[in-house]
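>>> Generate coordinates for the sequence data below:
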Amino acid sequence: MPLNVHRVRQLLKKFDFPSLFREELGWDLHNAPLEIQLDGQTKKLQAVAHKRGMVALQCPTSAGGRLPEYSVRRKIEQQVAKAAHEHLIIFTDAAQTTQIWQWVKREPGKPAACREHAFHKSQTGDALIQKLEAIAFTLAEEETLVLGDVTRRARAGFDVERVTKRFYEQFQKEHAAFLKFIAGITESADHEWYASVMLNRLMFVYFIQRKGFLDGDRDYLRNRLNRCQEEKGRDNFHSFYCYFLLRLFHEGFGKRPKERAADLEKLIGRIPYLNGGMFEQHEIEKRYGDEIQIPDKAFERIFDYFDQYQWHLDERPLRAANEINPDVLGYIFEKSISTIRSKRARKFLCQKKSMPESRTCPSATAGTSPHLANLRCRPKSGARLSPDVSAMPT
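Predicted coordinates for the structure are as follows:
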């Protein structure tokens, strides 16, 4: 039975957690408050509910006080874990305007990983409600439900990194395959980096097309590929890359509607202007120009891979193995940069070893393309992606 979203939203905004857990999420009554010692003082957490040994607690802020800092919240959690190994803590401010929901993943042999979700009563709470759906239980489940089921559901709701890692493992293989299709780029570093640029762009488009932002078509890229092949032929002089994608990126997303060429709307349909550098002409595209070629088969393959997943443009809980959210972009970008920098470092060390003693060693940044030197920071984990992509890596 689905959640009563309207009722859940009301209870969240009222900070009525006992009613939320017992009446809407199917948890059980829990009346035992918990006292912990923190820096020589006693701190009391209020009991909210429990389910098969997993405890939900509220940690209120005293009158006039502010929400504890992250480091303090972690100390509180560590003390709570001594009394209740599996738990969920809701930190609330004195004015009852802000909540921080905290769940900690524990795995043998690995450090604990803290997952937090902040909610302000002025927000709709949709992202948090989607997480809570994962830990909602029905009467039909009661007979066979055990603690392992509850913790597994909590992990599905609050631990987004697990699915992101799985996606990335396969993404590395697809990146290598896509790289082999790209022709016309002579420098190996540029070759590899341009594959990352294209795949990052395509992943972003997959997120926004699933919301219907691209000409109202939730399968926009696949349908435009098919249309291009019907009109121009498969790789017949004008490939999907040359004829459609470059114009979509540079002239479509990169320009306001009034700045676009008259024939462009017929080609790409009604799409939003995305303010930022992600879809501007990349330095590699400027350097190699028309020499860059990518056949349709490369996009058919990568779309087949992407179509195996459900793309959600928010921070919803990843309940199914094929769901991903925008965290994947930041994760992949971070891993890509780490890999490229590692390769650059190894190349530099090899060059340094082979240099005559009389030569001057290059600086630490020598050999690094300008587009690597000017990288922007990735968005924080869990941050929403909006049509303004100025903070995205280029």
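
>>> hey, let's count contacts and neighbours off CA atoms from now on
OK.

>>> Which residue comes closest to Pro257 once chain neighbours are left out?
Using C-alpha to C-alpha, 6 or more residues apart in numbering and skipping residues adjacent in sequence, the residue nearest Pro257 is Tyr273, 7.0 Å away.

>>> OK, contacts around the one you found?
Taking C-alpha atoms under 8 Å, 6 or more residues apart in numbering, we find Tyr273 in contact with Gly252, Phe253, Gly254, Lys255, Arg256, Pro257, Pro387.

>>> ok, which pair from these is furthest apart?
Pro257 and Pro387 (14.3 Å; C-alpha to C-alpha).

>>> Counting neighbours, go ahead and name the busier of these two.
Pro257 (17 against 14; other C-alpha atoms under 10 Å).

>>> Quick check on the more buried one: phi, psi?
Dihedral pair for Pro257: phi -50, psi -40, per degrees, to the nearest 10.

>>> show me what contacts Gly65?
Asp93, Ala94.

>>> From Ala95, how far out is it?
From Gly65 over to Ala95 the distance is 9 Å, taken as C-alpha to C-alpha, to the nearest Å.

>>> Buried residues in stretch 127-147, which are they?
Across stretch 127-147, burial judged by 16 or more other C-alpha atoms under 10 Å covers Ala127, Leu128, Ile129, Gln130, Lys131, Leu132, Glu133, Ala134, Ile135, Ala136, Phe137.

>>> er, stretch 41-54 I mean
Lys43, Leu45, Gln46, Ala47, Val48, Ala49, His50, Lys51, Arg52, Gly53, Met54.

>>> Out of those residues, which sit inside strands?
Within the buried residues of stretch 41-54, residues falling in strands by DSSP state E are Lys43, Leu45, Gln46, Ala47, Val48, Ala49, His50, Lys51, Met54.

>>> Pick out the most distant pair among the residues you listed.
The span of those, defined through C-alpha to C-alpha, is set by Lys43 and Lys51 at 23.4 Å.

>>> what about the strands in the stretch 1-150 of the chain?
Secondary structure of the stretch 1-150 of the chain by DSSP state E, counting those that start in this stretch: the strands cover 34-38, 41-51, 54-60, 87-92, 98-105, 113-120.

>>> that older thread, just curious, which of the ones in strands among the buried residues of stretch 41-54 is nearest to Ser71?
Using C-alpha to C-alpha, these come closest to Ser71 at Lys43, 15.7 Å.

>>> before we move on, back to that, quick check: the farthest pair among the buried residues of stretch 41-54?
Among these, the pair separated by the greatest distance (C-alpha to C-alpha) is Lys43 and Arg52, at 25.0 Å.

>>> Arrange the ones in strands among the buried residues of stretch 41-54 in a markdown table, one row each, with distance to Lys266 as further columns.
Listed next are those as a markdown table, based on distance: C-alpha to C-alpha, whole Å:
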| residue | distance to Lys266 |
| --- | --- |
| Lys43 | 64 |
| Leu45 | 61 |
| Gln46 | 60 |
| Ala47 | 60 |
| Val48 | 57 |
| Ala49 | 57 |
| His50 | 57 |
| Lys51 | 56 |
| Met54 | 56 |
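
>>> Return the member of these nearest to Tyr168.
Met54 (30.9 Å).

>>> which ones are touching that closest one?
With C-alpha under 8 Å, 6+ apart, Met54 has these contacts: Ala84, His85, Glu86, His87, Leu88, Leu147, Val150, Thr151.

>>> What is the burial count for Ala261?
Ala261 has 11 neighbouring residues, counting by other C-alpha under 10 Å.

>>> Now it: which helix or strand?
Under the criterion DSSP states H and E, no helix or strand holds Ala261.

>>> Next, count neighbours for the closest residue in space to Lys211 that isn't next to it in sequence.
In this structure, Lys211 finds its nearest non-sequential neighbour in Arg218, 6.6 Å apart by C-alpha to C-alpha, 6+ apart. For Arg218, the neighbour count with other C-alpha under 10 Å is 17.

>>> surely Arg218 meets Arg224?
No: contact between Arg218 and Arg224 fails when scored by C-alpha atoms under 8 Å: they sit 11.4 Å apart.

>>> Below-threshold pLDDT in the protein: ranges please.
The chain contains residues with pLDDT under 70 at 1, 160-163, 234-238, 276, 313-323, 325, 327, 333-334, 336-394.

>>> Repeat the analysis, applying 80 as the threshold.
1-2, 127, 159-166, 232-238, 275-276, 310, 312-394 (pLDDT under 80).

>>> just to revisit the earlier point, kindly indicate whether the residue nearest to Pro257 is helix, strand or coil.
With DSSP: H, G, I helix; E, B strand; the rest coil as the basis, Tyr273 sits in coil.

>>> what about Ala154, distance to Ala134?
In terms of C-alpha to C-alpha, Ala154 sits 7 Å off from Ala134.

>>> Kindly report the same for Pro60.
According to C-alpha to C-alpha, Pro60 stands 24 Å off from Ala134.

>>> repeat for Ile268
Look at Ile268 and Ala134: by C-alpha to C-alpha, they are 38 Å apart.

>>> contact partners of stretch 20-32?
With C-alpha under 8 Å, 6+ apart as the criterion, stretch 20-32 contacts 3-4, 7-8, 11-12, 18, 46-51, 132-133, 135-139.
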